[in-house]
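Visitor: what's the 3D shape of this:
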Amino acid sequence: MLAKLNTIYDLPEDTEERDEIIREVLPSLRALAEQGDVFAMDELAYVLKKDKDGEQEAQRIYEIAAQSGYWHSMNNLGDMLYNHNEYEKANEWYQKAGEAGYDWGWWNLGDSYHNGKGVPADDQKAMTYFKKAYEQNETAAGRAAIDIGNLLYNHNEYEKANEWYKKSGEAGFDWGWNNLGNAYYNGTGVSEDKQTAILYYKKAYKQNAGAAGHAANNIGLVFYSLEEYEKANEWFEKAGEAGRDWGWCNLASSYKNGEGFPVDKQTAILYYKKAYEQNGDAAGNAANQIGLVFYSLNEYEKANEWFEKSGEAGYDWGWCNLGDSYQKGEGVIRDKEKAREYFQRAYDMHGEAEEKARKSLEQLN
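Guide: Residues are numbered from 1 along each chain as shown. Here you go, the predicted model:
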């Protein structure tokens, strides 16, 4: 029964298949929970809290299992309290979970000290608890090690940070290898060495987990900096396929600029759209670039549509370029007031386009 229950965790929520499995196993889970089986209680609470109407009962069940000494429920109860902004109570249960031998309890307590949730922010205490989690050498070890590395990095202790990034990677956490690659790429705490950077980025990529797309994109950027454009583009594509929007964006730029490929603006648009549709960090930049491609083809109306999308996605150059279009009357009726409005939007974001927007506003005034 429990094995069947585990299959629901990989299924999308609000699907008939998932609901059917829950209906099937719920009576058995309830029966075991009523008999005092803390594992069944923990699983039952996990299922119940997925439904907002079941949150209160889930918390009650977690409390019973936690008070019976089940470390997993202690941590889960902490998570529920944390999500309801009851940080002090959450931290009490995180500490109990850690003391009962659960590494994620120590990690969560460290995270609370790092972010000042329910306790005063204290990086030294955060590091102490992250180390407790790491030293248990279980599932939280890699995450704890990278957080220690990041704390040290933020205090400019780059060599020590790199030691912990390596420990994180060795504990199976791909971001540790990625961050160590960054250190070699940028020369922080080590001599700059792009080949060694590639080696660590590849370690992160091969784990095919959360850092894969970032690592692949970083490899592409290294090859790009070495003017090895064909290799760079191969890795930008891998980055995009791994879910990293900047991979598609960088591949599009290669087609736009003819780096490793003949210039092909239509293919560039295709990949910029892939980046935009992921609605991530690269969306605003990608939309602006699509606008610039259409602008270069004298398709001003389409360009302006994408400049507006870029601005709406939080990219100041999108608003700035749309302001230019209204100032010059390209693809729209010339309108100084609208131009002023869009330049002001760009300026108020205080980003890369701030100086251009300021000068444009001065000209209009």
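Visitor: can you tell me which residues contact Arg30?
Guide: Contacts for Arg30 were tallied using Cβ atoms under 8 Å, 6 or more residues apart in numbering; they are Leu44. Yep, even glycine has a C-beta here, placed from its N, CA and C like the rest.
Visitor: Quick check: phi and psi at it.
Guide: Backbone geometry at Arg30, expressed as degrees, to the nearest 10, gives phi -60, psi -40.
Visitor: what separates it from Glu63, distance-wise?
Guide: With the distance defined as Cβ to Cβ, to the nearest Å, Arg30 ends up 17 Å from Glu63.
Visitor: Can you tell me the closest non-neighbouring residue to Asp123?
Guide: Computed as Cβ to Cβ, 6 or more residues apart in numbering, the closest residue to Asp123 that is not its neighbour in sequence is Leu151, at 5.3 Å.
Visitor: got a list of what the one you found touches?
Guide: Neighbours of Leu151 in contact, by Cβ under 8 Å, 6+ apart: His114, Asp123, Ala126, Met127, Phe130.
Visitor: Filter those residues down to just the ones in helices.
Guide: Restricting these to those inside helices, with DSSP state H as the criterion, leaves His114, Asp123, Ala126, Met127, Phe130.
Visitor: From those residues, keep the buried residues only.
Guide: His114, Ala126, Met127, Phe130 (16 or more other Cβ atoms under 10 Å).
Visitor: With distance to Leu26 and pLDDT as added columns, please give those residues in a markdown table.
Guide: As requested, those are exported to a markdown table (distance: Cβ to Cβ, whole Å; pLDDT from 0 to 100):
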| residue | distance to Leu26 | pLDDT |
| --- | --- | --- |
| His114 | 38 | 98 |
| Ala126 | 39 | 98 |
| Met127 | 42 | 98 |
| Phe130 | 37 | 98 |
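Visitor: Double-check Asn162 against Trp177; I have them as touching.
Guide: No: Asn162 sits out of contact with Trp177 when judged by Cβ atoms under 8 Å, with a separation of 11.4 Å.
Visitor: So these two - more neighbours on which side?
Guide: Neighbour tally, Asn162 and Trp177, criterion other Cβ atoms under 10 Å: the higher count belongs to Trp177, 28 against 22.
Visitor: got a list of what the residue nearest the centre of the chain touches?
Guide: The geometric centre of the chain, computed from its C-alpha atoms, lies nearest to Gly210 (Cα atoms, centre = their mean), at 8.4 Å. If you count contacts by Cβ under 8 Å, 6+ apart, Gly210 has them with Asp174, Trp175.
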